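Chemist: Fold the following, please.
(one chain, ligands or ions: 1)
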Amino acid sequence: MKDKLRHNITDLALTALDLVAPGKGILAADESEGTIEKRFNTIGVESTAENRRAYRQLLFTTPNVEEAISGVILFDETIHQAADNGRPFPQLLQDRGIIPGIKVDKGKIDLPGFDGEKVTEGLDGLNGRLAHYRELGARFAKWRAVYTIDDYLPTHTCIQVNAHALARYAALCQANGLVPIVEPEVLMNGDHGLDRCEVVTGAVLQAVFAELLAQGVAYEGMLLKPNMVLPGQDSPEQVTAEEVAAATLRCFRRVVPAAVPGIVFLSGGQGPEEATERLNAMNAQGSQPWELSFSFGRALQEPVLQAWQGQAENVSQAQQRFLQRAMCNRAARRGDYGSEMEEAWPLVG
Ligand code: 13P
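Modeler: Prediction:
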């Protein structure tokens with residue numbers, strides 16, 4: 001029994017390492033139906049099942065993108081969909097050496113009794129859903145909790161209930177042979193400064209790792225998907241990429257165990273180039289206890305959506321934009337990114 005468990009943890013640890021392999025990161029393409037509708041609204045495209053399938057196919061079939069993308073997080077609808085040639089998306093990704101993953105939380109609801117705070121739901125029936133997704137080819141999963149900063153938030157209760165749910169999810173993932181991506185996101189909304197974000201992010205991560213440990217989650221077989229430490233989006237404070245990198249790394253070195261193989265940042269509303277520049281600044285600081293990579297949604301996809309506009313004749317150009325962003329982030333993994341690279345990928349018309 002013990003040997004079986006050990007073997008299982010080794011497999012999880014190897015998958016986690018593949019997801020943060022040098023020069024590679026994760027594409028978060030797991031927008032729920034409500035969220036993808038919002039994204040499509042920005043380009044005037046109707047959110048039908050077929051348009052969503054066509055858009056995800058564009059992303060997953062982008063030539064050469066496997067050089068910079070190790071894994072893709074899918075949504076429930078997408079993991080059941082297939083490409084034009086009938087190949088199911090999880091297999092299509094696997095064929096290209098890209099690991100399929102799946103969002104398994106069911107979104108956030110108001111935390112009763114705590115105005116302005118949220119708790120993530122989705123634990124009921126999760127064990128069975130994880131087994132189903134693994135059969136479909138998923139090798140990792142994602143669960144997102146969110147925390148709002150204001151003068152009095154987040155509360156201790158919000159931090160504790162979300163840490164508990166994240167750890168329950170992570171333990172169930174590992175029992176089902178899936179690498180859990182643990183995503184506690186301290187939101188950018190508000191006018192707080194960099195210092196306050198650092199304190200809150202540290203407190204949230206400390207609670208999350210205490211729960212993960214208490215519930216027997218093996219750090220070696222998971223990945224952390226956090227926010228970068230940033231001033232609120234309405235803050236007058238101006239910060240350089242180097243200041244963001246210094247605050248983020250100082251915070252993480254205090255609370256993220258060295259046994260965690262990788263930290264894959266979310267973009268959280270930062271501009272695509274801004275997110276790349278800040279990831280680059282972190283990797284330019286030299287070796288850290290963990291790989292520092294990306295699991296971007298908007299920061300990889302915004303330029304792609306703009307180029308696509310829902311038109312079949314724009315697919316090739318949109319794929320060029322995706323490859324360009326992925327390759328810039330590949331460079332940021334080595335601390336080699338420079339803004340001149342934004343011009344270095346000629347677009348094919
Ligand atoms: P963003 O990079 O757009 O924040 O999305 C990442 C993600 O997966 C949020 O859960």
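Chemist: Name all residues that make contact with residue 143.
Modeler: Applying CB atoms under 8 Å, 6 or more residues apart in numbering to residue 143 gives the contacts 103-105, 120, 122, 165-166, 169-170, 180-183. Every residue, glycine included, has its C-beta placed from N, CA and C.
Chemist: can you list the residues of the chain near the ligand?
Modeler: Residues of the chain lying close to the ligand (CB under 6 Å from any ligand atom) are 28, 144, 183, 266, 267, 268, 296, 297, 298, 299.
Chemist: Now intersect the contacts of residue 143 with the helices, please.
Modeler: Here DSSP state H is the test, and the contacts of residue 143 give 165, 166, 169, 170 as lying in helices.
Chemist: Excluding covalently adjacent residues, which one is nearest to whatever residue of the stretch 201-349 of the chain ends up closest to the ligand?
Modeler: For the stretch 201-349 of the chain and the ligand, the shortest gap (CB to the nearest ligand atom) falls at residue 297, measuring 2.7 Å. Nearest residue to residue 297, sequence neighbours excluded (CB to CB, 6 or more residues apart in numbering): residue 28, at 3.8 Å.
Chemist: My guess is the one you found contacts residue 299. True?
Modeler: No - the criterion here is CB atoms under 8 Å, and residue 28 misses it with residue 299 at 9.3 Å.
Chemist: Looking at the two, which one has more neighbours?
Modeler: Neighbour count, other CB atoms under 10 Å: between residue 28 and residue 299, residue 28 has more, with 29 against 26.
Chemist: Could you grab the helix/strand/coil label for the residue nearest to residue 155 when sequence neighbours are not counted?
Modeler: Spatially, and ignoring its direct neighbours in sequence, residue 155 is nearest to residue 114 (5.7 Å; CB to CB, 6+ apart). Recorded secondary structure, residue 114: coil (DSSP: H, G, I helix; E, B strand; the rest coil).
Chemist: on that earlier part again, got the contact list for the residue nearest to residue 297?
Modeler: 73, 142, 266, 295, 296, 297, 300.
Chemist: Neighbours of the residue in the stretch 51-200 of the chain that the ligand sits nearest to, how many?
Modeler: In the stretch 51-200 of the chain, the residue that lies nearest the ligand is residue 144 (4.2 Å; CB to the nearest ligand atom). Neighbour count of residue 144, defined by other CB under 10 Å: 20.
Chemist: How about residue 158: what's its closest non-neighbour residue?
Modeler: Nearest one to residue 158, counting by CB to CB, 6+ apart, is residue 117 at 4.3 Å.
Chemist: neighbours of the one you found, just the number please.
Modeler: Applying other CB under 10 Å, we find 21 other residues in the vicinity of residue 117.
Chemist: Go ahead and confirm it touches residue 150.
Modeler: No - taking contacts as CB under 8 Å, residue 117 lies outside contact range of residue 150: 10.1 Å.
Chemist: Which neighbours do those two have in common?
Modeler: Common neighbours of residue 117 and residue 150 (CB under 8 Å, 6+ apart) do not exist.
Chemist: rewinding a little: quick check: the gap between the residue of the stretch 201-349 of the chain closest to the ligand and residue 303.
Modeler: Distance, residue 297 to residue 303, using CB to CB, to the nearest Å: 13 Å.
Chemist: ditto for residue 43
Modeler: For residue 43 relative to residue 303 (CB to CB), the value is 11 Å.
Chemist: who has more neighbours, the two?
Modeler: Taking neighbours as other CB under 10 Å, residue 43 and residue 303 compare with residue 303 leading, 17 against 13.
Chemist: Mind checking what secondary structure that one has?
Modeler: helix.
Chemist: buried set for the host helix or strand of residue 277?
Modeler: If you go by DSSP states H and E, residue 277 is part of helix 272-283. By neighbour count on 16 or more other CB atoms under 10 Å, the buried set for helix 272-283 is 272, 273, 274, 275, 276, 277, 278, 279, 280, 281, 282, 283.
Chemist: try stretch 256-270
Modeler: 256, 260, 261, 262, 263, 264, 265, 266, 267, 268, 270.
Chemist: Which two of those have the greatest separation?
Modeler: Pairwise distances across these peak at 23.9 Å for 261 and 270 (criterion: CB to CB).
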